[in-house]
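Peer 1: just a sequence and a predicted model for now, questions to come.
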Amino acid sequence: MISKEMKQVVQLFDKGRQLYKLMKFDEAKVYFQKALDTKPDDGPAKVYLERCEHYLKNPPPPDWDGVFVMTTK
């Protein structure tokens, strides 16, 4: 059974991911940060928060398909 805390994290992450796919990175960051406030070791929320910060500095092209392309190893 999933805990109440984890259920909340999943809901916050899902909302953040929806906004992320719409290229609303500022708004998405809020949800990923709330997920991390609830569960500080949530790996996916950390990754997406970093990606939002990246795309705010380096916006993807208008025809972006939501795929993050790593440029460094």
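Peer 2: That came through, no problem.
Peer 1: quick one: the helices in the protein, in order.
Peer 2: In the chain, the helices defined using DSSP state H lie at 4-21, 25-38, 43-57.
Peer 1: out of the ones you listed, which comes closest to residue 66?
Peer 2: helix 4-21 (4.9 Å; CB to CB). Every C-beta, even on glycine, is put in place using the N, C-alpha and C of the backbone.
Peer 1: pick out the residue nearest the middle of the chain.
Peer 2: Closest residue to the average C-alpha location of the chain: residue 48 at 3.2 Å, with CA atoms, centre = their mean.
Peer 1: what about it, distance to residue 1?
Peer 2: 26 Å (CB to CB, to the nearest Å).
Peer 1: pLDDT weak spots in this structure?
Peer 2: Counting by pLDDT under 70, the ranges of the chain that qualify are 70-73.
Peer 1: pick the most buried one from the helices of the chain.
Peer 2: helix 25-38 (a mean of 19; mean count of other CB atoms under 10 Å).
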